[in-house]
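**Q** Have a look at this prediction, sequence included:
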Amino acid sequence: MIDQFEEVFTVCSQVSERRKFIQMLVDVAQTQTADFVVVATMRIDFLVDCTYANLDAIVNEQMVVISGMNDQELRDVIAKPLAPMASRLSLAVLTRPFACGAAVIGKTG
């Protein structure tokens, strides 16, 4: 699971490191095995940056777009996976208004 994949383009200032990481991700995603799934989330406005190493083809083939959610849907998508840690979850995280969308790319072998 790679969350906030767009940080490859915004945080990583070394182009060679970025390309190595993307190439590794593409290689793993194209491996023909059923033992794993690669899932990367990113803001949809970074799709234009996914042109290196055949990443754009994988994104175009496997992308699932998750549209905007209402406040309750956002709370659920954040809180439900964290249910086992409920006693430590800050309610402040769930009471702030959210407005975002995400693109999820996944590739099974």
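**A** Structure's in. What do you need?
**Q** So what would you say the end-to-end distance of stretch 60-69 is?
**A** 23 Å (CA to CA, to the nearest Å).
**Q** Can you list the buried residues in it?
**A** 62-63, 69 (16 or more other CB atoms under 10 Å). Every residue, glycine included, has its C-beta placed from N, CA and C.
**Q** per-residue pLDDT, the spatially most central residue of the chain?
**A** Computing the C-alpha centroid of the chain and ranking residues by CA atoms, centre = their mean puts residue 41 first, at 1.0 Å. pLDDT, residue 41: 86.
**Q** Go ahead and confirm it touches residue 7.
**A** No. The criterion here is CB atoms under 8 Å, and residue 41 misses it with residue 7 at 10.7 Å.
**Q** Dump the buried residues of stretch 60-69 into CSV; add secondary structure and pLDDT as well.
**A** Formatted as CSV, the buried residues of stretch 60-69 follow (DSSP: H, G, I helix; E, B strand; the rest coil; pLDDT from 0 to 100):
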residue, secondary structure, pLDDT
62, helix, 84
63, coil, 85
69, coil, 80
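**Q** Contacts for the lengthiest helix in the chain next, please.
**A** For the chain, the helix with the greatest residue count under DSSP state H is helix 15-29. Outside helix 15-29, the residues that touch it by CB atoms under 8 Å, 6 or more residues apart in numbering are 2, 8-9, 12, 36, 38, 40, 52-55, 58, 107.
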